[in-house]
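Visitor: sequence and predicted structure are below.
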Amino acid sequence: MPATAARLPGNRLHLQHGPIDLILGADGPGREAAFAAATRRFAPLLDELVAELPLLRQPPGATRPSGPVARRMDAAVRPHSGRHFITPMAAVAGAVADEVLAAMVAAGDLSRAYVNDGGDIALHLESGQVYRAGMAGLDTEALGAVDIRADSGIRGIATSGRGGRSLSLGIADSVTALAATAAAADAAATLIANAVNLTDHPAITRRPARALDPDSDLGDRPVTVAVGTLSAAEIATALDRGLAEAAAMQAAGLIAGAALFLNRASRVLAPTPETEALAHA
């Protein structure tokens, strides 16, 4: 099936092709030109990615992908590959959002724009503009929101965890990461969610990734399929492990901040002036 485009209420655009499902919004006199450019750029994206799937399902190596979205994916995961198993697929949703947003910004006079790829969001914010993003765990009581200011340098928001679209090695309900790009946030959220974990716990059920998805880039690595009752101390331990991973990324300039959720409990790593400045770099 070819890519489809449809207008939504509130001056939004819906783009869909296979597993890629985007919601776009834009403010400014260039909105229509931006939407037209996004539609043109979106049409071949899935085919471009499929052409390089074997490479994108492997950890970064000497051979780099050639497609523009694939290159964004590769660049987002390489800073993590020395410490973790990660493939460019960990950044696919964010990289698609970044690429489509870039086409919009190049074509139109926009004060604010976003591309939301299933919760992984790429942002364009001119001076004085703000974007409010909601955050939640599997439990609807664990809600929060963050206002992204234009001067923060944050242009990417991504969420990962066992409640998301992808498989997770950890037990986090969800992790939301803030970074300079959506691809960078996507890769970071994946790894922080993996780090929210407890080893060999009887209440946690895991299965090989390949048993759930034969094409998974995780191969036979055990992914979480169910989490039973955990004590408050165990929840705190798991969250603190994820928070330590997020703090290491923040110190390295890879993210600006993060929020972690598990069983109605949470941890927040707030952006600082220093990390917001790093996002500009």
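Guide: Great, that's in hand. Numbering: from 1, shown residues only.
Visitor: what segments of the stretch 51-200 of the chain are helices?
Guide: 53-56, 68-77, 92-107, 182-195 (DSSP state H, counting those that start in this stretch).
Visitor: could you list the low-confidence segments of this structure?
Guide: Counting by pLDDT under 70, the chain has low-confidence residues at 135-144, 163-165, 272-281.
Visitor: farthest from the middle of it: give me that residue.
Guide: The centre of the chain is farthest from one residue, residue 202, which by Cα atoms, centre = their mean lies 29.6 Å away.
Visitor: what's the closest non-adjacent residue to that residue?
Guide: Nearest non-adjacent residue to residue 202, counting by Cβ to Cβ, 6 or more residues apart in numbering: residue 228, 7.9 Å away. Glycine gets a C-beta too; all of them are placed from N, C-alpha and C.
Visitor: which residues does that neighbour contact?
Guide: 202-205 (Cβ atoms under 8 Å, 6 or more residues apart in numbering).
Visitor: tell me, how many residues neighbour residue 6?
Guide: Using other Cβ atoms under 10 Å, residue 6 has 9 neighbouring residues.
Visitor: so which helix or strand takes in it?
Guide: strand 4-8 (DSSP states H and E).
Visitor: what angle sits between whichever helix or strand comes after that strand and strand 4-8?
Guide: Per DSSP H and E, the first helix or strand lying C-terminal to strand 4-8 is strand 12-17. Following axes from the mean of the first three to the mean of the last three Cα atoms, to 10 degrees, one obtains 160 degrees for the angle between strand 12-17 and strand 4-8.
Visitor: buried ones in the helix or strand that strand 12-17 is followed by?
Guide: Later in the chain than strand 12-17, the nearest helix or strand by DSSP H and E is strand 20-27. Buried positions in strand 20-27, judged by neighbour count with 16 or more other Cβ atoms under 10 Å: 20, 22-27.
Visitor: counting residues, which helix of the chain comes out longest?
Guide: helix 232-251 (DSSP state H).
Visitor: now that helix: how far from the chain's centre is it?
Guide: Mean-position distance between helix 232-251 and its chain equals 18 Å (Cα atoms, centre = their mean, to the nearest Å).
Visitor: for whatever helix or strand comes next after that helix, packing partners?
Guide: On the C-terminal side of helix 232-251, the nearest following helix or strand under DSSP H and E is strand 257-262. Where contact means 3 or more Cβ pairs under 8 Å, 6 or more residues apart in numbering; DSSP states H and E, strand 257-262 is packed against strand 130-136, strand 143-149, strand 174-179, helix 182-195, helix 232-251, strand 265-269.
Visitor: okay, now the sheet partners of strand 257-262, with direction.
Guide: Paired neighbours of strand 257-262 in the sheet (DSSP bridges): strand 174-179 (antiparallel), strand 265-269 (antiparallel).
Visitor: and of the ones you listed, who's closest to residue 78?
Guide: Closest approach to residue 78 among the strands paired with strand 257-262 is made by strand 174-179 (14.2 Å; Cβ to Cβ).
Visitor: return the alpha-carbon coordinates of the closest one using PDB.
Guide: Written as PDB, here are the backbone C-alpha positions of strand 174-179 (Å, rounded to 0.1, in the frame of the first residue of the first chain):
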ATOM      1  CA  SER A 174       7.800   4.000  30.600                       C
ATOM      2  CA  VAL A 175      10.800   6.300  30.400                       C
ATOM      3  CA  THR A 176      10.600   9.700  28.700                       C
ATOM      4  CA  ALA A 177      13.900  11.300  27.600                       C
ATOM      5  CA  LEU A 178      14.600  14.900  26.400                       C
ATOM      6  CA  ALA A 179      17.500  15.600  24.000                       C
END
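Visitor: would you check that residue 198 makes contact with residue 237?
Guide: Yes. Look at residue 198 against residue 237 with Cβ atoms under 8 Å: they come within range, at 6.7 Å.
Visitor: wasn't the residue farthest from the centre of the chain part of a helix?
Guide: No. Applying DSSP: H, G, I helix; E, B strand; the rest coil, one finds residue 202 to be coil, outside a helix.
Visitor: can I get stretch 73-90 as PDB, trimmed to CA atoms?
Guide: Taking Å, rounded to 0.1, in the frame of the first residue of the first chain, the C-alpha atoms of stretch 73-90 are listed here in PDB:
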ATOM      1  CA  MET A  73      19.600   6.400  13.400                       C
ATOM      2  CA  ASP A  74      23.200   5.400  13.200                       C
ATOM      3  CA  ALA A  75      24.400   8.700  14.600                       C
ATOM      4  CA  ALA A  76      22.000   8.600  17.500                       C
ATOM      5  CA  VAL A  77      23.100   5.100  18.800                       C
ATOM      6  CA  ARG A  78      26.900   5.300  18.200                       C
ATOM      7  CA  PRO A  79      27.600   7.300  21.400                       C
ATOM      8  CA  HIS A  80      26.000   4.400  23.400                       C
ATOM      9  CA  SER A  81      27.500   1.400  21.600                       C
ATOM     10  CA  GLY A  82      30.600   1.200  23.600                       C
ATOM     11  CA  ARG A  83      28.700   0.600  26.900                       C
ATOM     12  CA  HIS A  84      25.500  -1.200  25.700                       C
ATOM     13  CA  PHE A  85      24.100  -3.500  23.100                       C
ATOM     14  CA  ILE A  86      22.200  -1.200  20.800                       C
ATOM     15  CA  THR A  87      21.300  -1.100  17.100                       C
ATOM     16  CA  PRO A  88      20.100   1.800  14.900                       C
ATOM     17  CA  MET A  89      16.600   0.400  15.200                       C
ATOM     18  CA  ALA A  90      16.500   1.800  18.700                       C
END
